[in-house]
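1. coordinates for the following, if possible.
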Amino acid sequence: MKRPSTAGVPKHNQSPKAFKMNQKLSEENLQQKQFQLSKTLSKLQFEQRNLQQQMHFIEQEKQKTKITQDEKQGNQSWLGIKLKIQINQLNSQIEEKQSQIKQLQKNPNYTRAQEQNILIEYLNYCSSSLKQEQNLMPDEVEELKVEIQELEITKKLLEEQSENLSIQKSLLEKKISQQYLELDQTKNELKEKERDLRYLKKEMIKFEEKQKETQQNQKVTIKKKEVIDIDDKKAEIIEKDQQISQQEQIINQLKEKLQERTNYELRSKNALIDELQALNQQVQQMRDELKELNEYYLAEIQPLETETLPIIQGNRDHTFTILHDVYNKQEKKFPKAPRVRYEQVQDMGKELSLRLQLKQITVNEACIILIQSAINNTINVEQLQEQLLQEPFTMADPNEAKLIARYIVEDVSEEIVSLDPQATVKLPVVKSVFRHLLNCYDLLTAEQDKQLWEEVSAIVNKYETALRSQFDLLNKQQHGFMKPKDLFYCLDQLFLDLTDIQKEYVLLRLFAYTNNINKIMHMKIFDVFKAGSYIDRVSKDRKKKKQRQTAKKIEIQKQDIDDFD
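-> Numbering: from 1, shown residues only. This is a model prediction of the structure:
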């Protein structure tokens with residue numbers, strides 16, 4: 001079969017196409033400039049509104065300082081009253097315990113036990129006198145024996161009663177000792193409360209004296225700072241107005257140029273349509289030729305050689321049989337694709353890093369858990385994908401887990417790789433790549449966590465109104481969620497002076513609500529960093545940690561039982 005010739009393919013002219021591309025690029029550049037200028041205009045207007053809001057916020061803060069000082073004095077006086085009430089309650093409890101002790105001493109069981117002891121002594125005396133009178137008459141002796149037996153029976157009964165009374169007596173003595181112990185404890189608590197009350201009174205007096213001194217010193221400095229801030233804000237507003245007017249002039253000029261360009265495009269539209277039709281004809285012709293070439297190559301493929309296949313002798317026709325092992329020797333072919341880049345899995349790695357930090361798992365522990373299914377110091381893509389879907393990584397999307405597994409296994413030197421799920425990599429490479437993906441974070445200690453919370457809480461509470469207004473402007477576009485870059489952009493726009501560590505701490509605490517890096521509930525920042533929320537969050541984290549530890553112990557026990565079976 002002859003190969004079709006490609007000599008008759010017409011060569012299209014390159015100049016109209018280049019002319020068209022230049023026109024498109026110039027039009028796109030003009031539109032891009034117009035969009036950027038309009039964007040900067042809206043940004044400047046937005047900054048102007050923020051500056052005005054900050055001036056209004058400064059005036060409100062003056063009034064709030066006076067109100068908070070009055071509230072602090074009221075809270076301190078209420079604490080002293082509360083401690084006095086507790087002292088009176090403890091005094092009443094002491095009186096109740098003393099009355100209970102007196103009632104226990106008046107119990108009739110105590111006197112009854114003494115009477116029983118006297119009766120037993122009397123019966124013993126009677127029995128001894130009966131033994132001395134054995135020289136009496138036989139009839140009287142028998143009667144006396146009967147009486148002695150009856151007296152012995154009554155003696156045993158009285159002894160049993162005396163034992164019961166002694167038991168009751170010991171129980172009452174124990175109760176009395178317990179009451180005395182409780183009385184001592186209440187007295188000690190009362191003394192401690194009185195000490196605390198005296199200490200608080202001294203501290204209140206010191207605090208009032210310091211507060212008076214600081215108020216006098218702060219009044220002068222605050223007024224100076226406010227005047228300087230107002231002057232700076234006014235100067236910034238004037239500069240922003242000038243920039244806005246300049247940008248408006250540039251936008252008007254660009255609009256005129258764009259109108260001229262659109263008129264020119266309308267005139268050259270017919271010529272471009274004719275050129276497009278000619279190009280479509282050329283493309284169709286090339287597709288037909290490509291189809292013929294494919295048919296030619298399919299016809300020229302050599303069939304499978306059968307000379308090396310085994311021969312079964314004894315058959316008259318010497319027929320050939322193809323064993324199953326011959327087909328198994330053929331290599332499996334997998335589809336090929338470009339290797340996974342770091343930019344494709346960067347957000348996924350950040351999400352894994354935040355999730356592991358919330359679960360208090362170090363990078364080394366995460367690497368050990370990831371490679372626990374390895375065999376012969378190697379692990380494949382399929383094993384890594386299955387491990388990423390389980391605890392503690394808990395990735396929700398299997399495709400994302402597979403993408404990270406491919407990123408760990410694939411060779412960086414190859415641009416095109418085969419999608420083999422059994423492709424393996426050595427464990428040191430897995431640890432190194434996974435550490436880089438997690439950005440080698442360090443877990444926060446309890447002191448660092450508390451310090452960061454206090455620093456961010458002070459800034460958020462100080463600029464709460466401005467931050468809420470900033471978020472309200474973006475809520476309509478973001479539908480109640482934000483990405484990390486948008487969140488950091490809002491924080492930077494308000495000049496909050498947050499460090500990178502503080503920003504990452506804010507992201508970590510907000511990530512706990514959604515467990516999704518692309519859906520950060522930014523409005524929760526006010527709940528996370530409000531006063532008193534730190535203690536509640538720490539207690540919840542401790543409960544979750546205990547639950548994870550108990551669940552881990554149960555899993556280990558189940559594995560031990562399965563291994564034993």
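2. how's this structure carved up into domains?
-> Taking automatic domain parsing as the reference, the chain has its domains at 23-328, 340-438, 446-550.
3. lowest-confidence stretch among these?
-> Considering those one by one, the lowest average pLDDT is found for domain 23-328, at a mean of 69.
4. quick one: contacts of the helix or strand containing Val429?
-> Per DSSP states H and E: Val429 is located in helix 427-438. Residues from elsewhere that reach helix 427-438, judged by Cβ atoms under 8 Å, 6 or more residues apart in numbering: 345, 349, 352-353, 356, 363, 366-367, 370-371, 374, 377-379, 384, 404, 407-408. Bear in mind the C-beta positions are built from the backbone N, C-alpha and C, glycine included.
5. buried among these? Need that as a selection in ChimeraX.
-> Applying 16 or more other Cβ atoms under 10 Å to these, the buried members can be selected in ChimeraX as follows:
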select :345,349,352,353,356,363,366,367,370,371,374,379,384,404,407,408
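6. just the ones of the contacts of helix 427-438 in strands?
-> Restricting the contacts of helix 427-438 to those inside strands, with DSSP state E as the criterion, leaves 378-379.
7. burial count for Asn364?
-> When neighbours are defined as other Cβ atoms under 10 Å, Asn364 has 10 of them.
8. and Asn91, by the same measure?
-> Per other Cβ under 10 Å, the neighbour tally for Asn91 reads 12.
9. how near is it to Met204?
-> Note on Asn91: its distance to Met204, by Cβ to Cβ, to the nearest Å, is 24 Å.
10. about what we covered before: quick one: which of the contacts of helix 427-438 sit in helices?
-> In helices, defined here by DSSP state H, the members of these are 345, 349, 352-353, 356, 363, 366-367, 370, 384, 404, 407-408.
11. and for Glu382, nearest residue in space, chain neighbours not counted?
-> Nearest residue to Glu382, sequence neighbours excluded (Cβ to Cβ, 6 or more residues apart in numbering): Pro421, at 4.4 Å.
12. hang on, isn't that neighbour packed against Gln383?
-> No: in terms of Cβ atoms under 8 Å, Pro421 does not count as a neighbour of Gln383; the distance is 9.3 Å.
13. which one of those two is surrounded by more residues?
-> Comparing Pro421 with Gln383 by neighbour count (other Cβ under 10 Å), the higher total belongs to Gln383, at 21 against 14.
14. does the more buried one touch Gln372 like I think?
-> No: here Gln383 lies out of contact with Gln372, judged by Cβ under 8 Å, at a distance of 9.5 Å.
15. extract the C-alpha trace of the helix or strand containing Lys503 and format it as PDB.
-> Using DSSP H and E, the element containing Lys503 is helix 500-514. Extracted C-alpha coordinates of helix 500-514, given in PDB (Å, rounded to 0.1, in the frame of the first residue of the first chain):
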ATOM      1  CA  ASP A 500       3.300  36.200  60.000                       C
ATOM      2  CA  ILE A 501       3.200  33.900  63.100                       C
ATOM      3  CA  GLN A 502       0.100  35.700  64.400                       C
ATOM      4  CA  LYS A 503      -1.600  35.400  61.000                       C
ATOM      5  CA  GLU A 504      -0.900  31.700  60.800                       C
ATOM      6  CA  TYR A 505      -2.300  31.300  64.300                       C
ATOM      7  CA  VAL A 506      -5.600  33.100  63.300                       C
ATOM      8  CA  LEU A 507      -5.800  30.800  60.200                       C
ATOM      9  CA  LEU A 508      -5.300  27.700  62.400                       C
ATOM     10  CA  ARG A 509      -8.100  28.700  64.900                       C
ATOM     11  CA  LEU A 510     -10.600  29.500  62.100                       C
ATOM     12  CA  PHE A 511      -9.700  26.300  60.100                       C
ATOM     13  CA  ALA A 512     -11.000  24.300  63.100                       C
ATOM     14  CA  TYR A 513     -14.600  25.300  62.300                       C
ATOM     15  CA  THR A 514     -14.800  24.000  58.600                       C
END
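16. can you point out the buried residues in the strand or helix carrying Ser469?
-> Secondary-structure element containing Ser469, defined by DSSP H and E: helix 464-478. By neighbour count, and taking 16+ other Cβ under 10 Å as the criterion, the buried residues in helix 464-478 are 466-467, 470-471, 478.
17. between those, which is nearest Ile525?
-> Distance to Ile525, by Cβ to Cβ, is smallest for Leu467 among those, at 7.5 Å.
18. mind listing what that closest one touches?
-> With contacts defined as Cβ under 8 Å, 6+ apart, Leu467 is in contact with 460, 490, 494, 496, 525-526.
19. now do it against Gln493, distance only.
-> The gap separating Leu467 from Gln493 is 10 Å, by Cβ to Cβ.
20. helices of the stretch 101-250 of the chain, start to end?
-> Per DSSP state H, counting those that start in this stretch, the stretch 101-250 of the chain has helices spanning 108-132, 138-267. These are given in chain order.
21. which elements pack onto the longest one?
-> With contacts taken as 3 or more Cβ pairs under 8 Å, 6 or more residues apart in numbering; DSSP states H and E, helix 138-267 sits against helix 15-105, helix 108-132.
22. re earlier: could I have the helix holding Ser469 exported to CSV, CA atoms only?
-> These are the backbone C-alpha positions of helix 464-478, laid out as CSV (Å, rounded to 0.1, in the frame of the first residue of the first chain):
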residue,chain,number,x,y,z
GLU,A,464,-13.5,45.1,66.0
THR,A,465,-15.8,47.7,64.3
ALA,A,466,-13.4,48.4,61.4
LEU,A,467,-12.8,44.7,60.9
ARG,A,468,-16.5,44.0,60.8
SER,A,469,-17.1,46.7,58.2
GLN,A,470,-14.3,45.3,56.1
PHE,A,471,-15.8,41.8,56.3
ASP,A,472,-19.3,43.0,55.5
LEU,A,473,-18.1,44.5,52.2
LEU,A,474,-16.7,41.1,51.2
ASN,A,475,-19.5,38.8,52.5
LYS,A,476,-21.7,39.4,49.5
GLN,A,477,-18.9,38.2,47.1
GLN,A,478,-17.5,35.4,49.3
